[in-house]
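Asker: Sequence and predicted structure below; questions after.
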2 protein chains.
Amino acid sequence: MAALRFQALPGFRDFTPRECAVRNYLFETWRSVARKYGFVEYDTPVLEDTALYLKKSGGELSSQLFRFEDQGGRDVCLRPEVTASLARLAAQHQRDFPKPLKWFEIGQCFRYEKPQKGRGREFYQFNVDILGEAGPAADAELIALAIDTMRAFGFRKGDFVVRVSDRQAWLDFAAQRQVAEERIPEFLQIIDKLEREKPEVTAEKLATFGIEASEVTSFIAHPENASSAYEAIRADLAARDLADFIDLDLSIVRGLAYYTGVVFEVFDSKKSMRAVAGGGRYDTLVTTLSEGNVDLPATGFAMGDYVIRNLIEETTDPRMQLETHLLRQGAACEVYLVLADDAKRPEALGVLSDLRQAGISCDLPFGSVKIGKQFQNAEKAGARFALVVGSEFPELTLKVLASRTEEKCHFLGLADWLRDRLQEPDGPLLA
Amino acid sequence: MAALRFQALPGFRDFTPRECAVRNYLFETWRSVARKYGFVEYDTPVLEDTALYLKKSGGELSSQLFRFEDQGGRDVCLRPEVTASLARLAAQHQRDFPKPLKWFEIGQCFRYEKPQKGRGREFYQFNVDILGEAGPAADAELIALAIDTMRAFGFRKGDFVVRVSDRQAWLDFAAQRQVAEERIPEFLQIIDKLEREKPEVTAEKLATFGIEASEVTSFIAHPENASSAYEAIRADLAARDLADFIDLDLSIVRGLAYYTGVVFEVFDSKKSMRAVAGGGRYDTLVTTLSEGNVDLPATGFAMGDYVIRNLIEETTDPRMQLETHLLRQGAACEVYLVLADDAKRPEALGVLSDLRQAGISCDLPFGSVKIGKQFQNAEKAGARFALVVGSEFPELTLKVLASRTEEKCHFLGLADWLRDRLQEPDGPLLA
């Protein structure tokens, strides 16, 4: 076949049924953990006023925007992340809700980057935020949620670690070294890039601040430089029996400009990939974006769908858990109706309708199909039972596809009977 | 408070938690009906090559596109609907799947229109398609699914009707009147606008084809002009006991250029709103978009989230069903931990952690909060139980918020005990 002219844009994904099932597994897991933690779901538009994101993120994301002028002459962009939209939404509606807000969102974001493994031009993000609570208990709650999200995917102690830091420690450091207010973002960028940058480049950049690289290395190496917030978080997580999942790591400051306090990142233990999740405190963002109208301290984190999926596929237990889920949930239907006598199509349609009405997922071939082929289709659909409708209707034959056993049943009371059968474990049916 | 500078773009919606819960209710209902019918979920990118949509939809949607040049110089647009993307995806991957494909998708679409009631610049669409089956049984399956979707929302016979038609009948009509091939889309547009256009304008337009308005009216009035496909569909639906939900209505041809056969629309019985859903057969679209490489007859329909939501809110039973769902699902948590003694926070965190680990949704205030206020928060969160952790720990007190009764319980075995309690109906707990 010739190459098809139309393809998905580079960096954009088509979700075939299997891919979509994997995506939905991520979404369902995210949602279920967030709900256990008492978070409620919200969402914001994928298209926003560009100024909202320029104002928030500083220069970093602005070069990666899908940005354009809409038909009304507005400067708009596809959201590169959602925190600015959340801050906008919270500023507008916070009076309608008791504080703190515990909100989560699962949404698609867009960045014009070079597509590569673990990174596309669109991706989904699980965003979890607490607004209206300034204390470290909120940060601990988020870190606990991040840990439990990893555990819900089947990861265990030793598979991953949460590296926790505090920008405040670096702001104190910078103040002591008399770093000028306006150069602080630049300074934090240097710390952020420490692990990826060549030491001589880092040293050169630090020199422009009159700071020696060894001062920075030594600061990171001394846990007593951690803030009191870190201690409170550690104690909170210890009470939840989760302290073993975190490590203090002052080399973490996070890239984005708006973080103001505790920050953290989740890594696979081998650190073979980019961070699985990351976040932190942004106590001034709502104030900035509302131009001083609303003051709402906030903290949050995000987990993208690319890295977590790769990590799941490269780790035995989480991968098995996903595969089991796909086997169970990926079936197109539970019961496949095999039409053994074309003259009985109206009766088969009646059966189909009754079973679906009773909440049973089932299917029937559209046209005249050979019986053997129908059984093959039943297998391909992942159905558990084939229900044969033939000339003996209202008598029917139920075949268990896994065990290839069969038994007779009757149209009367069929839906209830079949629902009970579907509750039973696989294997030969009881007589 | 001064007006906030940043707002959602006109025609774009913020989903606050309640709005998001309503949206998710639509999604869950759509998903559950589609799965009962043996459809599997897929998704395609919201951003596509503009040519894909220009090639498919003809001029109609092209004036409403969010269209721009991306950083790589590509002419791209936010999808105005999803069928072209589906056709692209199916052409690419159809060999990997047994036919027919029964696929559904829930996705956001974008059209630059004047925002008004029942119409925004973004909306969600439930798209259900069958590819690889040319017979009317596939159309009947889709119409049945549309009917069952309405019933799943709580609508009943008499609340809505599916108006079914067949473009083929009009193509035959046009052929008899010697309408030139290239003017057929124009002719179909006139039929499509019949009910909205002034009769004299319609008459004038038809005159350019040498056709009298009365010929058209008379054609519509005669059910014997329906195609044989319609009869087959009616018989199929009758076997499912669903024939009462459909009406033949030859005035329906649907706006988009690519429909080739049976078309249908779902309306509220009062016809007070735009169509709730609509679709039809598009047997040549996959061939066109794959430039002849793949031949896949197809039929499908879409239901947007705006009209169905308005209709739900204006119809008593569906509205009550939604409200009940929101009450049940909208709670932020099931169990709210009330901390009666701040010194017991570590113990309360341990309880919190245990309960969440057991799958129970629960919450605990972050800081020191007066007891009365904590109970208020429990009510606001929609919790069913307040679990009081105080100085008598590991003894605890469980309060049933609805009945204001209470009983003692113990930290040992708490999660299992509480899970059982949550299974019981509301009201005073058993002693």
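Answerer: Arrived safely.
Asker: quick one: what helix or strand has the residue nearest the centre of chain A in it?
Answerer: Note on chain A: the residue nearest the mean C-alpha position is A:F126, at 4.0 Å, using CA atoms, centre = their mean. Using DSSP states H and E, A:F126 sits within strand A:122-131.
Asker: now for that strand, which elements pack on it?
Answerer: helix A:17-36, helix A:83-93, strand A:101-110, helix A:136-152, strand A:298-304, helix A:305-313 (3 or more CB pairs under 8 Å, 6 or more residues apart in numbering or on different chains; DSSP states H and E). Heads up, the C-betas are built off the backbone N, CA and C, glycines and all.
Asker: mean confidence score for the third one?
Answerer: Per-residue pLDDT values across strand A:101-110 average out to 97.
Asker: quick one on the thing from earlier: what are the pairing partners of the strand holding A:F126, and which direction each?
Answerer: strand A:101-110 (antiparallel), strand A:298-304 (antiparallel) (DSSP bridges).
Asker: where does chain A dip in pLDDT?
Answerer: A:1-3, A:56-60, A:426-431 (pLDDT under 70).
Asker: Domain map for it?
Answerer: A:17-324, A:333-423 (automatic domain parsing).
Asker: For A:F6, list the residues it contacts.
Answerer: B:D49, B:A51, B:L52, B:R88, B:A91, B:L289, B:S290 (CB atoms under 8 Å, 6 or more residues apart in numbering or on different chains).
Asker: ok, the fifth one to A:T397 distance?
Answerer: So the one you mean is B:A91. 39 Å (CB to CB, to the nearest Å).
Asker: Excluding residues flanking it in the chain, which one is nearest A:L26?
Answerer: A:D305 (5.4 Å; CB to CB, 6 or more residues apart in numbering or on different chains).
Asker: err, A:L396, not the other one
Answerer: In space, A:L396 is closest to A:C409, 5.1 Å off (CB to CB, 6+ apart).
Asker: and the residue nearest to A:L26, how many residues sit next to it?
Answerer: Applying other CB atoms under 10 Å in any protein chain shown, we find 21 residues neighbouring A:D305.
Asker: So which residues of the stretch 301-431 of chain A form helices?
Answerer: A:305-313, A:316-329, A:345-357, A:371-380, A:414-423 (DSSP state H, counting those that start in this stretch).
Asker: So which other helices or strands are in contact with the second one?
Answerer: To tie it back to what came earlier, the one meant is helix A:316-329. Against helix A:316-329 (3+ CB pairs under 8 Å, 6+ apart) you get helix A:17-36, helix A:305-313.
Asker: ok, then the element right after the longest one?
Answerer: Read that as helix A:17-36. strand A:40-41.
Asker: That following strand and chain B, are they touching?
Answerer: Yes. Residues of strand A:40-41 contacting chain B under CB under 8 Å from any CB of the partner chain: A:V40, A:E41.
Asker: what does that strand rub up against?
Answerer: A:31, A:34, A:102-106, B:17, B:20-21, B:24, B:330, B:332.
Asker: can you do 7 Å?
Answerer: Applying CB atoms under 7 Å, 6 or more residues apart in numbering or on different chains, the external contacts of strand A:40-41 come out as A:K102, A:W103, A:F104, A:E105, B:P17, B:C20, B:N24, B:A332.
Asker: Could you list the paired strands of it along with their orientation?
Answerer: Strand A:40-41 has these strand partners (DSSP bridges): strand A:101-110 (parallel).
Asker: about what we covered before: just checking: which of the contacts of A:F6 also lie near chain A?
Answerer: When CB under 7 Å from any CB of the partner chain is applied, the members of these adjacent to chain A are B:D49, B:L52, B:R88, B:A91, B:L289, B:S290.
Asker: What is the burial count for the nearest residue to A:K157 once chain neighbours are set aside?
Answerer: Nearest residue to A:K157, sequence neighbours excluded (CB to CB, 6+ apart): A:D244, at 6.0 Å. For A:D244, the tally of surrounding residues (other CB under 10 Å) stands at 12.
Asker: Tell me the secondary structure at A:F6.
Answerer: coil (DSSP: H, G, I helix; E, B strand; the rest coil).
Asker: about what we covered before: tell me the angle the strand holding A:F126 makes with helix A:83-93.
Answerer: 40 degrees (axes from the mean of the first three to the mean of the last three CA atoms, to 10 degrees).
Asker: on that earlier part again, between B:A91 and A:T397, tell me which one has more neighbours.
Answerer: B:A91 (25 against 16).
Asker: Let me see the contact set for the more buried one.
Answerer: B:A91 touches A:L4, B:V286, B:L289, B:S290, B:N293, B:V294, counting by CB under 7 Å, 6+ apart.
Asker: Tell me the buried residues within these.
Answerer: B:V286, B:L289, B:S290, B:V294 (16 or more other CB atoms under 10 Å in any protein chain shown).
Asker: who's in contact with the residue nearest to the centre of chain A?
Answerer: A:W30, A:F104, A:I106, A:A302, A:M303.
Asker: Equivalent analysis for A:A144, please.
Answerer: A:A144 touches A:L237, A:R240, A:L242, counting by CB under 7 Å, 6+ apart.
Asker: List the buried residues of the host helix or strand of the first one.
Answerer: The secondary structure element spanning A:L237 is helix A:228-239 (assigned by DSSP H and E). Within helix A:228-239, the residues scored as buried using 16+ other CB under 10 Å are A:A229, A:Y230, A:A232, A:I233, A:R234, A:D236, A:L237, A:A238, A:A239.
Asker: from those, which are also near chain B?
Answerer: With CB under 7 Å from any CB as the criterion, these include A:D236, A:A239 near chain B.
Asker: List just the nearest of the buried residues of helix A:228-239 to chain B.
Answerer: A:A239 (3.7 Å; CB to the nearest CB).
Asker: quick one: buried residues of stretch A:13-32?
Answerer: Quick answer for stretch A:13-32 (16+ other CB under 10 Å): A:13-17, A:20-26, A:29-31.
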